[in-house]
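**Student:** just the structure for this:
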Amino acid sequence: MASTRKTAAVMSEWEYWGIEFVGPLVKLEAVGYSVDFVTPRGKRSPVLTPSIDTNYVDPPLGVCVTTQEDAALVKAFEAINRLNSTGVTGAAMRGRGNEC
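**Tutor:** Below is the predicted model of the structure:
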């Protein structure tokens, strides 16, 4: 029986920048990791709207920072609602010697 590799994505409950989260998630899952999503209170973290807007110009850089491919990948991730089953950070840490 193959061993299961698991990790937790500990997230803010405020918002996340699309490709900075989904890009590494895709890579982890491609090599066999199962990922549990956790936030401090179990609240779903929404995607930052500019991170899926291919016309958004980053003020400090003065250029568009979201490619069509990145936006499509993040929108596809959001469409399947995987973050709706976000757990609570403290519960994820219990049993590992760290009571939160």
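**Student:** count of neighbours near the spatially closest residue to Asp36 that is not a sequence neighbour?
**Tutor:** In space, and not counting its chain neighbours, Asp36 is closest to Ala8: 4.9 Å by Cβ to Cβ, 6 or more residues apart in numbering. Any C-beta I mention is one placed from the backbone N, CA and C, and that applies to glycine too. As a burial measure, Ala8 scores 14 neighbours (other Cβ atoms under 10 Å).
**Student:** next, give phi and psi for Ala8.
**Tutor:** Main-chain torsions, Ala8, degrees, to the nearest 10: phi -120, psi 140.
**Student:** what does the pLDDT read for the nearest residue to Asp53 once chain neighbours are set aside?
**Tutor:** In space, and not counting its chain neighbours, Asp53 is closest to Thr66: 6.2 Å by Cβ to Cβ, 6+ apart. Thr66 is assigned 95 on the pLDDT scale.
**Student:** in contact with Thr66, which residues?
**Tutor:** Applying Cβ atoms under 8 Å, 6 or more residues apart in numbering, one finds that Thr66 lies in contact with 18-19, 50-54, 56.
**Student:** ok, now with 10 Å
**Tutor:** With contact set as Cβ atoms under 10 Å, 6 or more residues apart in numbering, Thr66 has these partners: 17-19, 50-58, 74.
**Student:** and the residue positioned nearest the centre of the chain, what element?
**Tutor:** Among the residues of the chain, the one closest to the centroid is Phe21, at 4.1 Å (Cα atoms, centre = their mean). Using DSSP states H and E, Phe21 sits in helix 18-30.
**Student:** next, the residues that contact that helix from outside, please.
**Tutor:** Residues outside helix 18-30 that contact it (Cβ under 10 Å, 6+ apart): 5, 7, 9, 11, 16-17, 33-35, 37, 45, 47-53, 65-67, 69-71, 73-78, 82-83.
**Student:** would you mark the buried spots in that helix?
**Tutor:** 18-19, 21-22, 25 (16 or more other Cβ atoms under 10 Å).
**Student:** I'd like the average pLDDT over that helix.
**Tutor:** pLDDT averaged over helix 18-30 gives 96.
**Student:** ok, then the element right after that helix?
**Tutor:** Counting by DSSP H and E, the next helix or strand C-terminal to helix 18-30 is strand 33-39.
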